[in-house]
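Asks: the sequence isn't on hand, but the structure is:
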């Protein structure tokens, strides 16, 4: 399945869960925690994409040039 389609579907499902919580709030803490677990998983997939891959490339620091002179291994 295409990663973008999966992210859109998870985002829509997360939005539906949020609307469900707003319309029918949980009765106690355990029910609220039970509703939060799948919502956080859906939000994680919607933001990061499948398998934790991000579409935004990370900036990498340039590697340091080798130090000239001195004794090796010190």
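Replies: Here it is on my side, so go on. Remember, it's a predicted structure, so these values are computed and weren't measured experimentally.

Asks: spatially, what comes nearest to residue 45 if we skip its sequence neighbours?
Replies: Spatial nearest neighbour of residue 45, chain neighbours left out: residue 10 (4.4 Å); criterion: C-beta to C-beta, 6 or more residues apart in numbering. In this view, the C-beta of every residue, glycine as well, is placed from N, C-alpha and C.

Asks: host element of that neighbour?
Replies: Assigned by DSSP states H and E, residue 10 falls within helix 3-23.

Asks: pLDDT on that helix, on average?
Replies: Helix 3-23 comes out with an average pLDDT of 89.

Asks: report the buried residues of whichever helix or strand comes after it.
Replies: Where DSSP H and E defines the elements, the next helix or strand beyond helix 3-23 is helix 29-48. Applying a neighbour-count criterion of 16 or more other C-beta atoms under 10 Å, one finds 35, 39, 42, 43, 45, 46 buried in helix 29-48.

Asks: what's the angle between the helix holding residue 10 and helix 29-48?
Replies: 150 degrees (axes from the mean of the first three to the mean of the last three C-alpha atoms, to 10 degrees).
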